[in-house]
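Undergrad: What shape does this take:
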Amino acid sequence: MGAEAVRVLVVDDSPVDRRVVELLLRAHCGGGGGAAAGEAAPFHVTAVDSGKKAMELLGRRRGDRDHLTPSSPAAAAAANDQAIDIVLTDYCMPEMTGYDLLKAIKALGSPNPIPVVVMSSENEPQRISRCLTAGAEDFILKPLKMNDVQRLRKCSGATRPKSAVAGDDDRFEVSHYFQLIFKLILLAYAVLCLSQLLHRWSNGSSLLSLCHACSSS
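TA: Numbers count the residues shown, from 1 in each chain. From the prediction side, this is the model:
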């Protein structure tokens, strides 16, 4: 029987960064073909673009669990499937920063608080210390790498079976393969974005030329 998925809530206002994290986590799911016995649990990713939406989602799912009764095992199982095991949030976001989100999650007062990991592209010791003091499980620098995924898994409380430890060396070799695929995906995505920008710029230039010709006639 496969290991239970680690349910991650990714919070980042950048659509590109959200997609990068999703691809990285899904590439690190025990070989891509499902989590067989002895393999690391896969990640189930839910992504939102703001701290406000994250709190709405967490509050809604928490409310669903609070209203369950012992006589509804099916509802209990459904609510458990929707639970979040860990939150991975960017630090710099408009309106509600990752630090603000961290404090809001800790203020929920849950008997089993959700672990929060903060990520940022800026290596500022004061910022890191601030988040760790407020209760963050870890602080990860962008861009995320394969070894950061293991840190995230550890923070979520998901542990690998002892039978999987023997294959660590092989998994290390596989991780390099996934890193190469991941970089190729990022490159393809960047080329696509660039082509779209050039297309828009080309259309804009044509429109300006037409307007100039009309004004000259």
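
Undergrad: And the helices in this structure?
TA: Along the chain, counting by DSSP state H, helices occupy 15-27, 51-66, 73-81, 98-106, 125-133, 146-156, 162-165, 168-216.

Undergrad: Can you mark which positions in the first one are buried?
TA: It refers to helix 15-27. Within helix 15-27, the residues scored as buried using 16 or more other Cβ atoms under 10 Å are 17-25, 27. (C-beta placed from N, C-alpha, C; glycine too.)

Undergrad: neighbouring contacts of it?
TA: Residues from elsewhere that reach helix 15-27, judged by Cβ atoms under 8 Å, 6 or more residues apart in numbering: 8, 10, 12, 42-43, 45, 47, 49, 88, 90, 142-144, 146, 149, 152, 178, 181-182, 185-186, 189, 193.

Undergrad: From these, keep the buried residues only.
TA: By 16+ other Cβ under 10 Å, the contacts of helix 15-27 give 8, 10, 12, 42-43, 45, 47, 49, 88, 90, 142, 144, 146, 149, 152, 178, 182, 186 as buried.

Undergrad: And for residue 116, the neighbour number?
TA: Using other Cβ atoms under 10 Å, residue 116 is surrounded by 25 other residues.

Undergrad: correct me, but it touches residue 103?
TA: No - with contact defined as Cβ atoms under 8 Å, residue 116 does not count as touching residue 103 (9.5 Å).

Undergrad: quick one, phi psi at residue 13?
TA: For residue 13, the backbone dihedrals are phi -80, psi -10 (criterion: degrees, to the nearest 10).

Undergrad: Just give the nearest non-adjacent residue to it, would you?
TA: residue 93 (4.7 Å; Cβ to Cβ, 6 or more residues apart in numbering).

Undergrad: and the gap between that neighbour and residue 50?
TA: The spacing between residue 93 and residue 50, counted by Cβ to Cβ, to the nearest Å, is 7 Å.

Undergrad: Residue 131 now?
TA: Applying Cβ to Cβ to residue 131 and residue 50 gives a distance of 18 Å.

Undergrad: Counting neighbours, go ahead and name the busier of the two.
TA: residue 131 (23 against 16).

Undergrad: Name all residues that make contact with that one.
TA: Residue 131 is in contact with 91, 98-99, 102, 118, 139, counting by Cβ under 8 Å, 6+ apart.

Undergrad: Next, count neighbours for the nearest residue to it once chain neighbours are set aside.
TA: Closest residue to residue 131 apart from its sequence neighbours, by Cβ to Cβ, 6+ apart: residue 118 at 4.6 Å. Counted by other Cβ under 10 Å, the residues lying close to residue 118 total 26.

Undergrad: didn't residue 118 look like it was pressed against residue 140?
TA: Yes - when contacts are counted by Cβ under 8 Å, residue 118 is listed as touching residue 140 (7.4 Å).

Undergrad: Pick the one among the contacts of residue 131 closest to residue 197.
TA: residue 91 (27.1 Å; Cβ to Cβ).

Undergrad: Thought residue 97 was touching that closest one, still the case?
TA: Yes - Residue 91 lies in contact with residue 97 (Cβ under 8 Å); the separation is 6.3 Å.

Undergrad: And these two? Which one has more around it.
TA: Neighbour totals were compared for residue 91 and residue 97, and residue 91 leads with 24 against 16 (other Cβ under 10 Å).
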